[in-house]
Every structure is written in structure tokens, then in C-alpha cells.
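Undergrad: What follows is a predicted structure for the sequence shown.
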Amino acid sequence: MTFTELFTTILTADKDTSRAAARTVRKFLYSSQSGREKYDGIKGIINDAPNAYTKISKDWCRENFVIAVSVIYYLHGHEYQPDFLFPWLLELLRDKNGYIRHAAVRMIQHELGPLTYHIRFPGKGRGLSGLSREDANEKLCLLEAALERLAAEFWNPAYKKCKYIQDLPSGTYKSVQLILSLLDEYCSEAP
């Protein structure tokens, strides 16, 4: 079994088989099966994810696909281009399906660690993203601006009653706020 075979099943099988294959991705990733061939195809799957996603017509299949991608996302290998999927992930934050939004939140939050390394650990060099401070700051600013635009678009005056993010109703606004709060935490000055 390979990741490519699992994703083919997710995209082509019936609803129950597709769901089972999507849930098998995590088990397969952490299984004791050894060898590099196990990981063959991951970069291709992730690189093609936005394109493959646009071709999916069934809601349940889109959900299974995004959940499975979110499991292997951290293996994408784009150290010098950590934001390559941000346009797609920001699109996913708009989805009505909470599982898809949650997967997008997890994938974006995964990128925040390496992108903010130079802020959290000043003087330690380029950090995990491999980007210069200027490039990482630029990507962070662009991401924050995009998230702020999404937050403004999905703002509802009823949200003023909510004191904490966890009190917000599920939706795009809450998903965006979860990312912004982690971004703020990572970018704030150390005590």
C-alpha cells in the first residue's frame, strides 16, 4: 500500500470506502512499515492538492480528501516556500464544512511555527523555514492581512457578546480567529 493508492481510493471509491481510506492515512503514516517507498508520492499529492480538490464534486469526498491531506501536510518538503498552499488553505477556511475548516486551520498553524522561528528565537539564524527574516516577515504580513480580510468579511455584530474565541459559534470567523490568536502568540515579545 502507498499514499498514492490511498488517495486514489479516497477520490474514486464510494462514500464508505473513501472515508475508511481517509482515516487509514494516519494509521499508515505512523505504521511500522519501513522504507522510503512508503513516502513516495507525498510531495506530489500535496503539490497537486488544490488542483485535485477543484475536480471533486461530492461534499463527502472533499471532506475526506482535505482531512487526509492535513495528516501528511507537514511532510510537504517546501522549506523555502512554506506558503505555497496558503491561497488554497484560505479558500478552505470559507467552506461550510467544519471538518474542512478545522483541517485548514491545522495546516496553516503548522506553518506558523517555522515562519515565526526568527521572532521567537532571535539570534538563532534562519530558523526552520530556511527563509531570511525579511522573507518570513513578508509572508507573515501577507497571511495576517488575508486573515484580517476574511475576519472582516465574516464578522457578525453578535460576536461582540463572546468574550473568548471558544465561545464563538463554529464558522469561518472562529477558524480565522484561532489562527490569528496563535499568530499573535508567536509574534508577541518574549517576557
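TA: The structure has been received and is ready for your questions.

Undergrad: Where do the helices of this structure begin and end?
TA: Assigned by DSSP state H, the chain shows helices spanning 3-12, 15-29, 42-47, 49-54, 59-72, 86-92, 98-115, 117-120, 133-154, 172-187.

Undergrad: Make a markdown table out of these and add distance to residue 161 and mean pLDDT.
TA: Placement of C-beta: from N, CA and C, glycine included. Formatted as a markdown table, the helices of the chain follow (distance: least, Cβ to Cβ, whole Å; pLDDT from 0 to 100):
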| stretch | distance to residue 161 | mean pLDDT |
| --- | --- | --- |
| helix 3-12 | 40 | 93 |
| helix 15-29 | 36 | 93 |
| helix 42-47 | 39 | 86 |
| helix 49-54 | 35 | 94 |
| helix 59-72 | 30 | 96 |
| helix 86-92 | 27 | 93 |
| helix 98-115 | 21 | 92 |
| helix 117-120 | 33 | 84 |
| helix 133-154 | 16 | 92 |
| helix 172-187 | 13 | 95 |
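
Undergrad: Can you lay out those helices as TSV showing distance to residue 166 and mean neighbour count?
TA: Listed next are these as TSV, based on distance: least, Cβ to Cβ, whole Å; neighbours: other Cβ atoms under 10 Å:
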stretch	distance to residue 166	mean neighbour count
helix 3-12	31	18
helix 15-29	25	16
helix 42-47	30	17
helix 49-54	29	16
helix 59-72	21	22
helix 86-92	21	19
helix 98-115	13	20
helix 117-120	24	19
helix 133-154	16	15
helix 172-187	9	18
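
Undergrad: would TSV of those with distance to residue 162 be doable?
TA: Shown next, in TSV, are these (distance: least, Cβ to Cβ, whole Å):
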stretch	distance to residue 162
helix 3-12	36
helix 15-29	32
helix 42-47	34
helix 49-54	31
helix 59-72	26
helix 86-92	23
helix 98-115	17
helix 117-120	28
helix 133-154	13
helix 172-187	9
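
Undergrad: and of those helices, who's closest to residue 160?
TA: Shortest distance between residue 160 and these, using Cβ to Cβ, is found for helix 172-187: 11.9 Å.
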